[in-house]
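**Student:** take this sequence and fold it.
(4 chains)
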Number of protein chains: 2
Amino acid sequence: MKAPLPTVKRGPLYMRILREYQQNGIEWISATDIASRFKLTPIQVRKDLALTGVAGTPKKGFQVDELLIALQEFLGWNNTNEAFLVGAGALGSALLGHKGFADHGLSIVAAFDTDPDIIGTEIHGTKIMDISSLKPLVKRMGIKIGIITVPAVFAQATAELLVDAGIKGIWNFTSAKLKLPDNIIVHREELAAGFAVLSAKISKLENLT
Amino acid sequence: MKAPLPTVKRGPLYMRILREYQQNGIEWISATDIASRFKLTPIQVRKDLALTGVAGTPKKGFQVDELLIALQEFLGWNNTNEAFLVGAGALGSALLGHKGFADHGLSIVAAFDTDPDIIGTEIHGTKIMDISSLKPLVKRMGIKIGIITVPAVFAQATAELLVDAGIKGIWNFTSAKLKLPDNIIVHREELAAGFAVLSAKISKLENLT
DNA sequence: TATATATCGATATTCGCATATCGATATATT
DNA sequence: AATATATCGATATGCGAATATCGATATATA
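**Tutor:** Numbers count the residues shown, from 1 in each chain, chains lettered A, B, ... in the order given. Predicted coordinates for the structure are as follows:
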């Protein structure tokens, strides 16, 4: 199944509103509803949803439960919605406490650090463990995603450790460029990009979608 | 000047490597250098840099100092590289401590909250102030960007307060959809999107750029 | 001085995604 | 039962950005 990248990126939005509808006991949702909720057109939403394979019914829309399951499947969240986090500093702690993730069904199931002062403590309900215990846990729990929020200088070493432990994908919050085997998927979160878009839009008042 | 959105997004990457070169006293940088540093092609980098108006010289590349200034101008960072942050919770604190921003020349010059226990304290060198003092400061300092890291339920009220104070652009880290006047630029940071891309790439082993 | 090479920069092509159009259909309404 | 309407879903169009191609040029090297 081929999946357009922008569609995948919008996936979490759909997940959120669907969960909300589900919790409120609403059975049907239309592409128009979703579009008005975010800044999208109904057509775009329909095209995205079409990729999941679910069929809507005219005048009512899509069945919330059915769509939710299909989307989850489509996004691959049946297998890979759990992650380990390494580096329980400021940013790491924030991610651990970030409500948004739970809303989408994603969960950071464990966090690791090297600082003895932090190890053993709990941050937002997640116990911080010694990094030496990471490898066996990855195998045992079948975790595929690792989140790196260590200082940039340690990023490469951390990444290698994760790969060695069997991690398949890495979410890199540092500014370091990681050199890893090709079969490892790396995604770098570029926080500054958001800032750039914002200030560019302000300084030149033009429509950059 | 028309600015392709993806180019703007890559801007911070260029800024980072340029600053690094500058600090190391390297005078010239080629598109090939930059491309190999990130996951880009030299052609793409050249096209981006062409928009700044600077000319490179064959066999050497671009002059670091000149390019840095031009890029800064191009991204509009001469005027709008300062921001206020509202909501000094977990995520807010993390952003305050995020070294990455300083590396790019962006700065969060002040932070605000409503919690009396937090007001007056310092987080990563930034003093947390009472939100009531926000409005006069925005005017006095000419700040144009506001960062919202409050709980989602308070997002709308916070945004309105910022707009009332004279803020032109808002960086929204909550999941709330903000209803604001059209002339206000809003950028929502969707953290979960990164996770979605990553897990999609892992579960279907396909090339989603 | 002559030649090789790395890089720039312009043009052309391709690709992917967003947007528009329109017929089909199921529900609600009268 | 007949009609109106909201929505889906397929096809077609258009746009923006990535990629490829190739000549020009300045530096380094022999």
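**Student:** tell me, how many residues neighbour A:L40?
**Tutor:** Using other C-beta atoms under 10 Å in any protein chain shown, A:L40 has 16 neighbouring residues. Backbone N, C-alpha and C define where each C-beta goes, glycine included.
**Student:** any weak-confidence spans in chain A?
**Tutor:** Within chain A, the ranges that satisfy pLDDT under 70 run A:1, A:205-209.
**Student:** what does it put close to DNA strand D?
**Tutor:** A:30-33, A:42-43, A:46-47, A:49-50, A:55-62 (C-beta under 7 Å from any atom of the strand).
**Student:** now the helices for chain A?
**Tutor:** A:5-23, A:31-37, A:42-50, A:64-74, A:90-97, A:99-104, A:134-141, A:155-165, A:191-203 (DSSP state H).
**Student:** take those and write them to CSV, including mean neighbour count and distance to B:T158.
**Tutor:** CSV is the format used below for the helices of chain A (neighbours: other C-beta atoms under 10 Å in any protein chain shown; distance: least, C-beta to C-beta, whole Å):
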stretch, mean neighbour count, distance to B:T158
helix A:5-23, 19, 20
helix A:31-37, 17, 20
helix A:42-50, 17, 28
helix A:64-74, 18, 30
helix A:90-97, 23, 18
helix A:99-104, 17, 16
helix A:134-141, 14, 38
helix A:155-165, 19, 33
helix A:191-203, 23, 16
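**Student:** can you add distance to chain B and give those helices back as TSV?
**Tutor:** As requested, those are exported to TSV (distance: least, C-beta to the nearest C-beta, whole Å):
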stretch	distance to chain B
helix A:5-23	4
helix A:31-37	7
helix A:42-50	12
helix A:64-74	8
helix A:90-97	4
helix A:99-104	5
helix A:134-141	14
helix A:155-165	12
helix A:191-203	3
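**Student:** list the strands paired with the biggest strand by length in chain A, with their directions.
**Tutor:** Counting by DSSP state E, the longest strand found in chain A is strand A:107-113. Strand partners for strand A:107-113, identified by DSSP bridges, are recorded as strand A:82-86 (parallel), strand A:126-130 (parallel).
**Student:** output it as CSV, restricted to C-alpha atoms.
**Tutor:** Output of strand A:107-113 as CSV, limited to C-alpha atoms (Å, rounded to 0.1, in the frame of the first residue of the first chain):
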residue,chain,number,x,y,z
SER,A,107,2.8,5.6,24.5
ILE,A,108,6.3,6.0,25.8
VAL,A,109,6.5,2.9,27.9
ALA,A,110,9.9,3.4,29.5
ALA,A,111,12.6,6.1,29.8
PHE,A,112,16.3,5.7,30.4
ASP,A,113,19.1,7.9,31.5
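**Student:** now it and helix B:191-203, what's the angle there?
**Tutor:** Calculated by axes from the mean of the first three to the mean of the last three C-alpha atoms, to 10 degrees, strand A:107-113 forms an angle of 90 degrees with helix B:191-203.
**Student:** just give me how far strand A:107-113 sits from the chain centre.
**Tutor:** Computed by C-alpha atoms, centre = their mean, to the nearest Å, the chain-centroid distance of strand A:107-113 equals 14 Å.
**Student:** what residues sit buried inside it?
**Tutor:** Residues of strand A:107-113 classed as buried under the neighbour-count rule (16 or more other C-beta atoms under 10 Å in any protein chain shown) are A:108, A:110-113.
**Student:** now do stretch A:73-81
**Tutor:** Result for stretch A:73-81 [16+ other C-beta under 10 Å]: buried residues A:74-77, A:80-81.
**Student:** do it and DNA strand C meet?
**Tutor:** No. Applying C-beta under 7 Å from any atom of the strand, one finds stretch A:73-81 separated from DNA strand C by no less than 14.4 Å.
**Student:** single out the most deeply packed of the strands paired with strand A:107-113.
**Tutor:** For those, the largest average neighbour count (mean count of other C-beta atoms under 10 Å in any protein chain shown) is found in strand A:82-86, namely a mean of 23.
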